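**Student:** pasting the sequence and the predicted model now:
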Amino acid sequence: MNTNEKSIVQKLDLDGYIERFESFLARPKPIILQGDINQHYRYIKALSPLEFPLPKSVPELDDQLARLRLQTTLRLEELHAFATMIEYFNKLKSIGLPEPLSGWIFGIEVPDEVRETLGYFDDRGEINPAIDPELSDIEHAIKTNKAQIKESLYKTLHSSSLREYLVDSQIHFQNGEEMLLVRGGFNNVIKATVTGRSSGGYFYIIPQTITQLKERESQLLSRREEVIYRYCQKISAIYSKWERFLGFINKEYDRFDHYQARVMFARAHDYEFLLPSKSTKKRIRLTDFAHPAISDPTPVTIDLNRSVMLITGVNAGGKTMLLKSMLSAVYMSKYLLPFRCDIERSEISHFRSIEAVIDDPQSVKNDISTFAGRMVEFSKLFHIKDAIVGVDEIELGTDSDEASSLFRVMLENLRERDITFVVTTHHKRLASLMGADDDVELIAALYDEEHRRPTYTFLQGSIGKSYAFETAERYGIPVHIVEKARVIYGEDKENLNELIEKSTSLEREMRQKIAIIEEERAGIERKKQHLEEQAEKLEEKHRKAIATLENRYNAATKRAQEALKAKESTEGRRLLTEAHKHKERSAPARSVEEEKVPLAEGDRIKYRSHRGELLAIRGESATIIVDGMRMKVPLRELKRSGDTPKPAAKKPKTTVHVEKSGAAVSIKLLGMFGDEAIEAVDKFLSDALVNGLNEVHIIHGGGSGILAKLVSEYLRTHPKIKTFYRMPGNTGTTVVEL
């Protein structure tokens with residue numbers, strides 16, 4: 001973490017929070033995630049519900065990669081660190097990750113040469129003796145030699161001649177060597193080498209009987225190191241060849257470590273992630289936010305959608321913590337660090353940088369005053385853009401009246417640089433000067449008059465009273481001193497404070513009433529929506545009834561005309577009369593439909609159960625586009641639905657081809673508009689009925705299924721259809737039984 005990041009973290013009281021987060025990392029690294037934050041968020045959300053093995057701790061390996069580029073031989077533990085990372089990604093591949101994680105992890109292909117080196121290591125990170133007979137023999141010899149040393153020491157320790165010289169009956173270890181602790185005069189009974197003395201004046205000795213065994217152990221260990229060094233040379237040569245792949249693995253291991261640490265940190269503390277929004281208008285809306293530095297916080301609910309938030313009100317009432325909470329939320333959201341908040345009802349915009357003017361900058365060493373230090377910090381803001389800046393006690397260090405005018409002008413100018421400010425102040429003049437600005441949000445920290453203590457809650461749209469006298473009493477200042485101060489302060493200013501307090505109370509009551517009204521309005525809106533849905537269902541039912549009557553009219557007319565063509569007959573006239581009755585029954589219903597508000601080209605419309613756009617109107621007909629399909633339909637069957645969209649590009653007109661052979665047994669609707677298709681099907685079925693066919697086929701194709709759906713809806717309402725179904729194995733054809 002760089003110096004500026006550390007400074008921000010400390011100023012916002014997030015240092016303890018960051019330390020807790022860093023404890024979940026497999027190895028130390030900057031907490032900032034480089035790259036596309038939206039992509040990182042998708043990976044974190046995909047990993048959050050999963051159970052997965054935690055990555056093992058490995059050292060930072062940039063120096064080792066640089067040495068591999070120079071073809072240097074690395075130590076065994078350094079080589080094993082690379083193998084550990086590769087093995088971890090192999091484990092991840094075996095647990096069945098969802099997208100987008102699986103695409104990323106399975107896209108990491110380990111070269112065969114590198115994969116083979118993984119078998120050189122055992123579970124402890126040592127060279128596996130099973131792969132090398134010489135190493136296996138050495139390991140066996142070392143084990144046997146150690147057993148002989150232990151046995152020899154045990155015999156010496158229990159020797160009757162040495163018993164009176166032994167200080168205790170334990171085997172002591174000094175610098176990794178086994179020794180005995182004896183008194184002076186031991187050399188009369190045993191030959192041994194003295195290796196040191198204890199604080200009590202006793203002697204640490206190695207009996208001569210095991211000296212030769214120790215020498216043999218040393219030789220065996222040297223041979224073992226030679227074999228291991230040969231393997232280090234071999235593995236290092238392979239890793240030098242694939243140094244770029246290992247650099248990639250090293251970076252991807254850090255990337256996954258970032259993700260898993262955030263996920264495990266969120267699980268441990270019941271935190272959630274909030275992705276910064278990319279909206280043009282800057283906004284910080286927090287609902288039930290809890291600053292991680294506070295053990296038992298009062299949740300913060302606040303909405304800042306203006307350029308300046310000016311926080312006033314009671315001393316020790318949480319103004320500074322509100323400022324830090326808002327900047328902390330921006331910081332944690334910016335770097336995808338989880339925190340406690342109602343995520344569904346919160347929103348945080350993206351800011352390029354975060355600045356906090358909080359501490360007293362006065363310094364004797366640099367000969368700088370508080371106010372001069374503040375001016376130095378503010379001067380830096382004129383060189384940045386797209387930032388959020390927190391300023392605590394903005395009038396600190398100079399005359400408050402002069403400061404209010406100066407800071408008002410500076411804040412107005414800095415806002416033009418797309419800088420959002422969160423400011424705390426006790427100076428009511430600054431609040432009153434800026435309060436009339438539509439781009440300034442006033443916030444009051446509230447005080448409980450009855451219990452004489454801050455509530456740590458806030459009211460938007462008000463200037464808060466400082467309650468300096470009440471705070472002084474609460475922290476132990478004698479009452480008579482506070483009362484004398486009240487007298488000196490004056491009745492006029494006290495009356496002003498009372499007006500501010502009353503204004504705050506009225507504002508609070510007004511907001512409570514507004515909340516009740518909003519809740520009632522929401523209830524009315526829900527009822528209105530329900531009624532509109534019911535009306536829509538009734539209209540759809542009404543439309544289907546009209547369509548049924550018209551279809552019956554068309555079918556009856558067709559039958560009558562065919563009968564009249566064949567021969568003038570009483571039956572033909574009767575059928576024609578019956579058809580006109582159906583027409584008369586549909587007329588009143590149609591007249592209701594015609595009372596609708598006239599439609600215009602470009603309107604969003606609803607046709608039957610489909611929604612689309614009205615492209616053109618020609619007399620009583622209309623051309624519409626539904627799910628990418630253009631259709632010509634009766635204008636009366638359309639109704640308005642939603643706002644007007646942009647005109648869609650026109651598609652080339654298609655032609656109709658109907659298969660006929662005397663009385664056709666099939667019809668192709670491929671490429672037709674919806675209304676053309678229904679008209680063609682209507683005529684086709686009439687011809688089939690007149691010619692006495694029992695079964696016909698309607699070929700509408702698969703595609704998006706729009707034509708199939710329109711045909712099915714029409715067939716359901718036809719009075720002469722016994723049944724219809726899709727042809728088995730061919731969903732593009734509907735079989736109709738008449």
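**Tutor:** Arrived safely, thanks for sending.
**Student:** where does residue 201 land in three-state SS?
**Tutor:** Using DSSP: H, G, I helix; E, B strand; the rest coil, the structure places residue 201 in coil.
**Student:** give me the pLDDT value at it.
**Tutor:** pLDDT, residue 201: 88.
**Student:** what number of residues lie near it?
**Tutor:** As a burial measure, residue 201 scores 8 neighbours (other CB atoms under 10 Å). Heads up, the C-betas are built off the backbone N, CA and C, glycines and all.
**Student:** tell me who's in contact with it.
**Tutor:** Residues near residue 201 by CB atoms under 8 Å, 6 or more residues apart in numbering: none.
**Student:** any idea how far it lies from residue 32?
**Tutor:** Residue 201 sits 60 Å away from residue 32, going by CB to CB, to the nearest Å.
**Student:** can you check residue 100 too?
**Tutor:** 21 Å.
**Student:** ok, residue 110 - contacts?
**Tutor:** Residues near residue 110 by CB under 8 Å, 6+ apart: 86, 89, 90, 245.
**Student:** residues near the second one, how many?
**Tutor:** Spelled out, that is residue 89. Around residue 89 there are 17 residues (other CB under 10 Å).
**Student:** per-residue confidence at the nearest residue to residue 42 once chain neighbours are set aside?
**Tutor:** Once flanking residues are discounted, residue 42 sits nearest to residue 100: 5.8 Å by CB to CB, 6 or more residues apart in numbering. pLDDT, residue 100: 94.
**Student:** then residue 588?
**Tutor:** Confidence score, pLDDT, at residue 588: 57.
**Student:** so, low pLDDT: which residues of the stretch 1-150 of the chain?
**Tutor:** 1-3 (pLDDT under 70).
**Student:** just the helices from it, written as ranges.
**Tutor:** 3-11, 15-22, 37-47, 62-69, 76-93, 101-106, 112-117, 133-157 (DSSP state H, counting those that start in this stretch).
**Student:** among these, which is nearest residue 523?
**Tutor:** Evaluated over those, closeness to residue 523 peaks at helix 37-47, with 34.0 Å, by CB to CB.
**Student:** need the contact partners of the closest one.
**Tutor:** So helix 37-47 is in contact with 33, 97-101, 104, 258-260, 262-263, 273, 275-276, 336, going by CB under 8 Å, 6+ apart.
**Student:** tell me the two of those residues that are most distant?
**Tutor:** Longest span within these, CB to CB: 97 and 276, 25.9 Å.
**Student:** what sits opposite the closest residue to residue 727 other than its chain neighbours in the beta ladder?
**Tutor:** Nearest in space to residue 727, with sequence neighbours left out and distances taken as CB to CB, 6+ apart, is residue 733 at 4.2 Å. Residue 733 forms beta bridges with residue 699, as assigned by DSSP bridges.
**Student:** can you pull the contacts of residue 733?
**Tutor:** The contact partners of residue 733, by CB under 8 Å, 6+ apart, come to 697, 698, 699, 700, 726, 727.
**Student:** now, which of the contacts of residue 110 sits nearest residue 324?
**Tutor:** Distance to residue 324 across those (CB to CB) is lowest for residue 89, with 39.6 Å.
**Student:** ok, the closest one to residue 248 distance?
**Tutor:** Per CB to CB, residue 89 is found 11 Å from residue 248.
**Student:** find residues that contact each of the two.
**Tutor:** Common neighbours of residue 89 and residue 248 (CB under 8 Å, 6+ apart) are residue 108.
**Student:** closest to residue 181 out of the helices of the stretch 1-150 of the chain?
**Tutor:** helix 133-157 (10.5 Å).
**Student:** packing partners of that closest one?
**Tutor:** Judged by 3 or more CB pairs under 8 Å, 6 or more residues apart in numbering; DSSP states H and E, helix 133-157 is in contact with strand 177-182, strand 203-207, helix 211-241.
**Student:** cutoff 7 Å now
**Tutor:** In terms of contacts (3 or more CB pairs under 7 Å, 6 or more residues apart in numbering; DSSP states H and E), helix 133-157 is packed against strand 177-182, helix 211-241.
**Student:** can I get these in TSV with mean pLDDT and distance to residue 299?
**Tutor:** Shown next, in TSV, are those (pLDDT from 0 to 100; distance: least, CB to CB, whole Å):
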stretch	mean pLDDT	distance to residue 299
strand 177-182	87	62
helix 211-241	93	52
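**Student:** thinking again about what came up before, of the contacts of residue 733 - the most surrounded one?
**Tutor:** Neighbour counts for the contacts of residue 733, by other CB under 10 Å, peak at residue 698, which reaches 26 neighbours.
**Student:** pretty sure it sits against residue 734.
**Tutor:** Yes - Residue 698 lies in contact with residue 734 (CB atoms under 7 Å); the separation is 4.6 Å.
**Student:** between the two, which contacts overlap?
**Tutor:** residue 711 (CB atoms under 7 Å, 6 or more residues apart in numbering).
**Student:** among the contacts of residue 110, which two are most distant?
**Tutor:** 90 and 245 (14.3 Å).
**Student:** between the two, point out the one with more neighbours.
**Tutor:** residue 245 (18 against 13).
**Student:** thought the more buried one was touching residue 111?
**Tutor:** Yes - look at residue 245 against residue 111 with CB under 7 Å: they come within range, at 6.2 Å.
**Student:** what sits against the closest residue to residue 170 other than its chain neighbours?
**Tutor:** Spatially, and ignoring its direct neighbours in sequence, residue 170 is nearest to residue 181 (7.5 Å; CB to CB, 6+ apart). Going by CB under 7 Å, 6+ apart, residue 181 touches 167, 168, 172, 198, 202, 204.
**Student:** can you give me the helices for the stretch 351-500 of the chain?
**Tutor:** Counting by DSSP H, counting those that start in this stretch, the helices of the stretch 351-500 of the chain are 370-381, 400-415, 428-435, 468-474, 479-489, 491-566.
**Student:** need the least confident one among those, by mean pLDDT.
**Tutor:** Among the helices of the stretch 351-500 of the chain, helix 468-474 carries the lowest mean pLDDT, at a mean of 63.
**Student:** what about the residue lying closest to residue 186 once chain neighbours are set aside, neighbour count?
**Tutor:** In space, and not counting its chain neighbours, residue 186 is closest to residue 165: 4.3 Å by CB to CB, 6+ apart. Using other CB under 10 Å, residue 165 has 21 other residues around it.
**Student:** likewise the one 4 residues further on?
**Tutor:** Neighbourhood size, residue 169 [other CB under 10 Å]: 10.
**Student:** for the one 4 residues further on, same thing?
**Tutor:** Residues lying near residue 173 (other CB under 10 Å) number 10.
**Student:** what's the helix or strand encompassing it packed up against?
**Tutor:** Using DSSP states H and E, the element containing residue 173 is strand 172-174. Judged by 3+ CB pairs under 7 Å, 6+ apart, the packing partners of strand 172-174 are strand 177-182.
**Student:** rerun at 6 Å
**Tutor:** Where contact means 3 or more CB pairs under 6 Å, 6 or more residues apart in numbering; DSSP states H and E, strand 172-174 is not packed against any helix or strand.
**Student:** so which residues make contact with it?
**Tutor:** 179, 181, 204 (CB atoms under 6 Å, 6 or more residues apart in numbering).
**Student:** make CSV out of these and add distance to residue 524.
**Tutor:** Compiled in CSV, those are given as follows (distance: CB to CB, whole Å):
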residue, distance to residue 524
179, 91
181, 92
204, 92
